[in-house]
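> got a sequence here, can you model it:
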Amino acid sequence: QVQLVESGGGLVQAGGSLRLSCAASGGTFGNDPVGWFRQATGKERELVAVISWSGGTTFYGDSVKGRFIISRDNAKNTVYLQMNGLKPDDTAIYYCAADPEGSWSLLEAYTYRGQGTQVTVSS
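I've put the predicted structure just below:
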């Protein structure tokens, strides 16, 4: 059974950077796309970014485009989310997920999901 564990969250000032990691244990990501989602208190869950198995195809949500970069190291079974130019609106719990069945834009479609890591951006 594949388990995903996110790390790298924390408290940062506006304009700062963080790098989140999503590590797979008990298996590999295989040929799966991997996505990052986030959910802020009182807001709807939002797709942040998705990356294909090869890393050659990526997608970003409009609110993070140009600031966040998703990447993966399949040898390490790890996917990263480099977050630059952080804003208070980026404050949320960030989740990674792998192996979507159907729509990759919905967290519920992913077979494997992590527990999340908190990111807090102060103004």
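
> tell me which element the residue sitting nearest the centre point of the chain falls in.
Central residue of the chain (Cα atoms, centre = their mean): Trp36, 2.4 Å from the mean position. Per DSSP states H and E, Trp36 falls inside strand 34-39.

> elements contacting the following helix or strand past that strand?
For strand 34-39, the following helix or strand on the C-terminal side (DSSP H and E) is strand 46-51. Judged by 3 or more Cβ pairs under 8 Å, 6 or more residues apart in numbering; DSSP states H and E, strand 46-51 is in contact with strand 34-39, strand 58-60, strand 68-73, strand 78-83. To be clear about C-beta, it is placed using only N, CA and C from the backbone, and glycine gets the same treatment.

> report the angle between strand 46-51 and strand 68-73.
40 degrees (axes from the mean of the first three to the mean of the last three Cα atoms, to 10 degrees).

> what sits up against strand 46-51?
The contact list for strand 46-51 (Cβ atoms under 8 Å, 6 or more residues apart in numbering) reads 33-40, 57-61, 63-64, 68, 70-72, 79, 81, 92, 94, 104-107.
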